[in-house]
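Student: structure of the sequence below:
(one chain, ligands or ions: 1)
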Amino acid sequence: MARVFNFSAGPSMLPLEVLERAAAEMTNYEDSGMSVMEMSHRSPVYEKIIGEAERLLRKVMAIPETYKVLFLQGGASTQFAAVPLNLMNKNKKADYILSGQFSTKAYKEAQKYGEAKAIASSKDANFSFVPRVTKADLSADADYLHICFNNTIYGTKFPYIPETGETPLVADLSSCILSEPVDVEKFGLIYAGAQKNMSAAGLTVVIVREDLLGNARAETPTMLDYKIMADNGSMYNTPPCYCIYILKLVLEWIQSLGGLEEMKKRNEKKAALLYDYLDSQDYYLAPVEKASRSMMNVTFVTGNEELDKKFAKEADAAGLKNLKGHRSVGGMRASIYNAMPCEGVEKLVAFMKKFAAENPKE
Ligand SMILES: *Cc1c(COP(=O)(O)O)cnc(C)c1O
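Tutor: As a prediction, the model looks like this:
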């Protein structure tokens, strides 16, 4: 079967060039006589791989020297606990903005460790927009403010970075990291599961300002202690070696295309193809407020569950895979991460037009 256009929210498409390179290097990496999967993580050949992955991530994202880069396991969901364990350490209080399911999960996890406060929520509107907060909305004594920058399930993204003054801003960037440049200095900590836009499932990247390290709560499991992981170069134990290698290949691919400025241009173009079409017709409805639209996850519905089902099924047969929306939103969701070619989005829009013409609503 030919490669399909896979609109899955995650794990999701990887660039074909990356997969082909990994395949070519699969059984004998750089004359080592072995696969990256078979190497000791302490071997010089592997140390070069992890070192290069970090160097490239720092370069591509322009991460300042004052930040540590950690390669961890456990998915973004483990960070929902690791963040309060490491950072809810002064007043045992933290503010959360509830903009979707993942930020709500993070908030609930933090409640186990202290006073987590939801300072804003769009739950009543089924998370169809990102709440706006100003510095005045923050608790004066919060140890940090947590946000989920791109809401994968609902298809929304923060159209702004909250001003937090001295309070560290913590952000879940799982579904938008590497999609465009971000000003890392605006954040105290960024975390992201790799399976959306960076690598295969199994790797979680944490980018954390150095001065926030070293005050983890006493009960923090060793494996969740950022300082211990930082002091050991993410090698306190065996890191997710192969995923880090794939990340290195993805970063080389991004760099070869012109870095995050170029990724942003490509992603804007792809998202505009979909949103411009959605705005030009009334067969499909885009449930998200325009100002909060995500560039990575585009949600839409026909307004009729049977038609939605038919859409996903026929799209699948046409090689446009995994367009069924998350069960909490219904309808359709097209995840168009970096590796989705423009051609895939063009095909999707053409399919949407055809489907609308063939399936008139009463
Ligand atoms: C996918 C996702 C998660 C969950 O990630 P896991 O790695 O499965 O734990 C959390 N937050 C966001 C924004 C996501 O997109």
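Student: excluding its backbone neighbours, what's nearest Gly303?
Tutor: Leaving aside its chain neighbours, Gly303 sits nearest to Leu285 (5.8 Å; criterion: C-beta to C-beta, 6 or more residues apart in numbering). Bear in mind the C-beta positions are built from the backbone N, C-alpha and C, glycine included.
Student: which residue does the stretch 151-300 of the chain have closest to the ligand?
Tutor: Relative to the ligand, the nearest point of the stretch 151-300 of the chain is Gly193 (2.9 Å; C-beta to the nearest ligand atom).
Student: list the residues that contact the residue nearest to Gly303.
Tutor: 300-303 (C-beta atoms under 8 Å, 6 or more residues apart in numbering).
Student: could you check the pLDDT of Lys361?
Tutor: According to the prediction, Lys361 has pLDDT 88.
Student: over to Leu307?
Tutor: 97.
Student: then Thr104?
Tutor: 98.
Student: what's next to the helix or strand encompassing Ile228, contact-wise?
Tutor: Per DSSP states H and E, Ile228 falls inside helix 226-231. Helix 226-231 has contacts (C-beta under 8 Å, 6+ apart) with 68, 70, 72, 82, 86, 206, 208, 210, 212-214, 216, 222-223, 236.
Student: quick check: Thr302 touching Gly331?
Tutor: Yes: using C-beta atoms under 8 Å, Thr302 is in contact with Gly331, at 7.0 Å.
Student: quick check: neighbours shared by the two?
Tutor: Common contacts of Thr302 and Gly331 (C-beta under 8 Å, 6+ apart): Asp308.
Student: spatially nearest residue to the residue of the stretch 151-300 of the chain closest to the ligand, not counting backbone neighbours?
Tutor: Counting by C-beta to C-beta, 6+ apart, Gly193 lies nearest to Ala76, which is 3.8 Å off, once chain neighbours are set aside.
Student: same question, Lys135
Tutor: In space, Lys135 is closest to Glu163, 4.9 Å off (C-beta to C-beta, 6+ apart).
Student: quick revisit: for the ligand, state which of the contacts of Leu285 is nearest.
Tutor: Closest to the ligand, out of all of those and judged by C-beta to the nearest ligand atom, is Phe300, at 18.6 Å.
Student: measure the residue in the stretch 1-150 of the chain that the ligand sits nearest to to Pro11 for me?
Tutor: Closest to the ligand within the stretch 1-150 of the chain is Gly75: 2.7 Å, counting by C-beta to the nearest ligand atom. For Gly75, the distance to Pro11 equals 11 Å [C-beta to C-beta, to the nearest Å].
Student: can you give me the strands in the stretch 251-362 of the chain?
Tutor: Assigned by DSSP state E, counting those that start in this stretch, the strands in the stretch 251-362 of the chain fall at 297-300, 320-321, 332-335.
Student: got CSV for those, with mean pLDDT, mean neighbour count and distance to the ligand too?
Tutor: What follows is these, written out as CSV (pLDDT from 0 to 100; neighbours: other C-beta atoms under 10 Å; distance: least, C-beta to the nearest ligand atom, whole Å):
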stretch, mean pLDDT, mean neighbour count, distance to the ligand
strand 297-300, 98, 26, 8
strand 320-321, 98, 20, 18
strand 332-335, 98, 25, 9
